[in-house]
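1. here is a sequence together with a model predicted from it:
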Amino acid sequence: MKKIICTVSLSISCLFIVILCFFVAYPVLTKASEETEKEYAGVIRIWHVDSFEGGKGSRAAFLNSVARAFEKDREGVLFLVTSHTAESAAESLKNGEKPDLFSFGSGLAEAADILLPVSGGSKEAQAGGKSVAVPWCRGCYFLFEREEGRSDDLLVSEGKNSMALVAAALSLEQESCVRMASTQAYVSFLAGNYKRMIGTQRDVWRLRTRNEEATITPLPAFSDLYQYIGICADDEKRSVCEDFIAYLLSDEVQASLSRIGMLGAVTSVYGADDPVLSSAEEQTIKNTVYAFLSQTTREEMNSLALSSLKGDKNSAKKLENYLL
């Protein structure tokens, strides 16, 4: 009988402990559940536009790899990176579509109207008096020189949306110059047709791939070669987008930009073992342009730069009015 009473007493005690633990733990479990429900779970759409020549790899692929790494710490979030041309992005925006995150370079005027204010970078893209995008990687203009060449004219390598002429006008004295498309200019320079060429980080990597020698000098007087990222999502996705940008600008991610041959946006990527690119990172860019510059204005600036290189001081003065 005593054994039965002890067993019943023990069972009641255990039941009491279980009930007590439930009431103690329930508020904590409920709060954790509520916090989990607040976290966004779904698809974050990133549009990426290559507005200028890159380094030695795909910026879209790099962005995709960063997204995959970020997803590992954010259960239930999936990033979809879509590559666009400037034209296809503008057309999609015109049709009412928009991404959650937008990676773009200088010149995509249509993006200014859909981007929300952001912070946390340097050389931010301004629109309406507010910072609406931050650079996550960048390029640089360079002067390439070789001792031998058939022409003393300055060869200007013009890639997609290039403003190499502006970099030349702000960096050099009066020059007689020849303009060529990027690949054609590189081939002509290697063939010994010209002693000097103005190009970008893409040409640095082209020369290295061919084991070609040249004296390479960064031109910090001007650059428009910034790859920006901004937020379009104004709903529950926004906090995830902000966290992703912070991750993209982290030292860990920035340090890996050497994989695609680009310069760091907020930290140095290259060290003493790469004096050319480390020098480009160390020097402060003195002038840039409005990130959403129209194609018409871009062409006008190139025209003024060309006249300036020919010695037209009035054009040089007008060109300054476009600089930031």
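-> Happy to help now that I have it.
2. for Ser307, what are its contacts?
-> When contacts are counted by CB atoms under 8 Å, 6 or more residues apart in numbering, Ser307 touches Ser315. Yep, even glycine has a C-beta here, placed from its N, CA and C like the rest.
3. any idea which element it lies in?
-> helix 295-309 (DSSP states H and E).
4. same thing with Leu93?
-> helix 86-94.
5. name the helices or strands packed onto the next helix or strand after that helix?
-> Sequence-wise, the next helix or strand downstream of helix 86-94 (DSSP H and E) is strand 101-105. The elements that strand 101-105 packs onto, with contact taken as 3 or more CB pairs under 8 Å, 6 or more residues apart in numbering; DSSP states H and E, are strand 42-49, strand 130-138, strand 226-231, helix 238-248.
6. run me through the strand neighbours of strand 101-105, direction for each.
-> Strand 101-105 pairs in its sheet with strand 42-49 (parallel), strand 226-231 (antiparallel), by DSSP bridges.
7. buried stuff in whichever helix or strand comes after it?
-> Next helix or strand after strand 101-105 toward the C-terminus (DSSP H and E): strand 125-127. Buried residues in strand 125-127, counted by 16 or more other CB atoms under 10 Å: 125, 127.
8. contacts for strand 125-127?
-> By CB under 8 Å, 6+ apart, the residues outside strand 125-127 that reach it are 112-113, 115, 131-135, 226, 228, 230, 290-292.
9. pull out the buried members of these.
-> Listed as buried from the contacts of strand 125-127 are 112, 115, 131-135, 226, 228, 230, 290-292; burial here means 16+ other CB under 10 Å.
10. which residue is the nearest non-sequential neighbour of Ser83?
-> Ala60 (4.6 Å; CB to CB, 6 or more residues apart in numbering).
11. so where's the stretch 101-250 of the chain uncertain?
-> By pLDDT under 70, the weakly predicted segments of the stretch 101-250 of the chain are 120-122.
12. Ala181 bridge partners, please.
-> Bridge pairing for Ala181 - DSSP bridges - gives Glu158.
13. that one: neighbouring residues, count only.
-> Other residues lying near Ala181 total 13 when counted by other CB atoms under 10 Å.
14. show the contacting residues for it.
-> So Ala181 contacts 157-159 (CB under 8 Å, 6+ apart).
15. what's the answer for Lys160, then?
-> Lys160 is in contact with 50-53, 182, counting by CB under 8 Å, 6+ apart.
16. reformat these as a markdown table; add distance to Lys123 and neighbour count.
-> Output for the contacts of Lys160, formatted as a markdown table (distance: CB to CB, whole Å; neighbours: other CB atoms under 10 Å):
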| residue | distance to Lys123 | neighbour count |
| --- | --- | --- |
| Asp50 | 19 | 19 |
| Ser51 | 15 | 21 |
| Phe52 | 15 | 24 |
| Glu53 | 19 | 21 |
| Ser182 | 24 | 19 |
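17. list the contacts of the residue nearest the centre of the chain.
-> Geometric centre of the chain, nearest residue: Gln227, 2.9 Å, by CA atoms, centre = their mean. For Gln227, the contacting residues are 51, 59, 103-105, 135-138, 262, 265, by CB under 8 Å, 6+ apart.
18. mind telling me what element the closest residue to Ala109 other than its chain neighbours is part of?
-> Closest residue to Ala109 apart from its sequence neighbours, by CB to CB, 6+ apart: Phe292 at 4.6 Å. Counting by DSSP H and E, no helix or strand carries Phe292.
19. looking at it, Phe292 is touching Ile114, isn't it?
-> No. Counting by CB atoms under 8 Å, Phe292 does not reach Ile114; the two are 11.2 Å apart.
20. quick one: which helix or strand includes Lys317?
-> Applying DSSP H and E, one finds Lys317 within helix 313-320.
21. which residues does that helix contact?
-> Applying CB under 8 Å, 6+ apart, the external contacts of helix 313-320 come out as 166, 169-170, 301, 304-305, 307-308.
22. would you mark the buried spots in that helix?
-> Buried residues in helix 313-320, defined by neighbour count with 16+ other CB under 10 Å: 315-316, 318-319.
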